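Participant: After the sequence you'll find the predicted model.
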Amino acid sequence: MPLEDGEIIDIDLVNNYRTKYVVFLDLLGFRELVKRSGGDVLERHRLVQALKLVRDTLCENPAIDFRFTYFSDCIVLSAEHSPHALWQVFQSVELLTCNLLQYDIFVRGGLAVGPTHHSEDFVFGSAVTEAYELECTSKAGPLVLLSSEVVEEVERLGPAFKQWLREKKSGKFFVHYLMRYAKYTSEAKVGDIVLTYPAQRIAYFVGQRLRNDEGRVLEKAKWFQDYWNESVAIRGVLPRIDIDSQPTLPADSLTIIKSRLVAPRL
């Protein structure tokens, strides 16, 4: 379509459209939390804490053009197209997901790569659309699906990156956000984060879901239960998740990890 008389092209905007990694995330159950918060002070407090958690977990990094935008129950992350940036994207998904699990909030999404514009004013591009479509196809469970292009890039980058991949029975791959828990040992090391208590907290919340939820919400809890038990509990260090695994919420069990405090392990 030709320009109209007097129309001026925003050169900076149209030229700032390049290949980036993009993650689209949906906070599952967030809308119900918003509804309950209307007449319940404690639920409103929990809602505010969850919003603060999103803000405080992630950290923008100009060096790799890492940005994030969130509105209500949706979050968009993006970063430059480089191995270092991809590692930071994986780590950000892991930290945010595991932090939110401690507030009984599941995360579902998609990770794609392609032309994108992400600024304070606008977020658009083919990678944004693809990441959103991946999120829409991952209805079976709280997971972040990877596009085939991202999987191919990860496989070329070698074992250090391939550890972030977890394969579904369908053959599709998702971000292995429980990797930190799956590798956890009872042997204390200087600088390691103690995961015993947050694991108990997660087990409590998912156990409550297994007891009380129904329909698709219950299916998501069962999917996570299988993922946890097959990748984490199988090693015998952290607890299994079942209906009676953690009958009470452990006191002082929150362990929130912020991305700015975790150095990349490349």
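Facilitator: That came in fine, so what should we check first?
Participant: the strands in the stretch 101-250 of the chain, which residues?
Facilitator: Ranges of strands within the stretch 101-250 of the chain are 106-118, 123-125, 144-146, 165-167, 173-175, based on DSSP state E, counting those that start in this stretch.
Participant: of all these, which lies closest to D65?
Facilitator: The closest of the strands of the stretch 101-250 of the chain to D65 is strand 106-118. By Cβ to Cβ, the value is 8.1 Å. C-beta here means a position set from N, CA and C on the backbone, and glycine is covered the same way.
Participant: Could you tell me which strands sit next to the closest one in the sheet, and their orientation?
Facilitator: Sheet pairing for strand 106-118, assigned by DSSP bridges, gives strand 18-28 (antiparallel), strand 123-125 (antiparallel), strand 144-146 (parallel).
Participant: average pLDDT across that strand?
Facilitator: Averaging pLDDT along strand 106-118 gives 96.
Participant: buried sites along that strand?
Facilitator: Buried positions in strand 106-118, judged by neighbour count with 16 or more other Cβ atoms under 10 Å: 106-114, 116-118.
Participant: next one: stretch 211-218
Facilitator: Within stretch 211-218, the residues scored as buried using 16+ other Cβ under 10 Å are D213.
Participant: and the end-to-end length of it?
Facilitator: Length of stretch 211-218, first residue to last, Cα to Cα, to the nearest Å: 9 Å.
Participant: what's the spacing between the closest residue to L195 other than its chain neighbours and V128?
Facilitator: With sequence-adjacent residues excluded and distances taken as Cβ to Cβ, 6 or more residues apart in numbering, L195 is closest to Y184, at 5.0 Å. From Y184 over to V128 the distance is 34 Å, taken as Cβ to Cβ, to the nearest Å.
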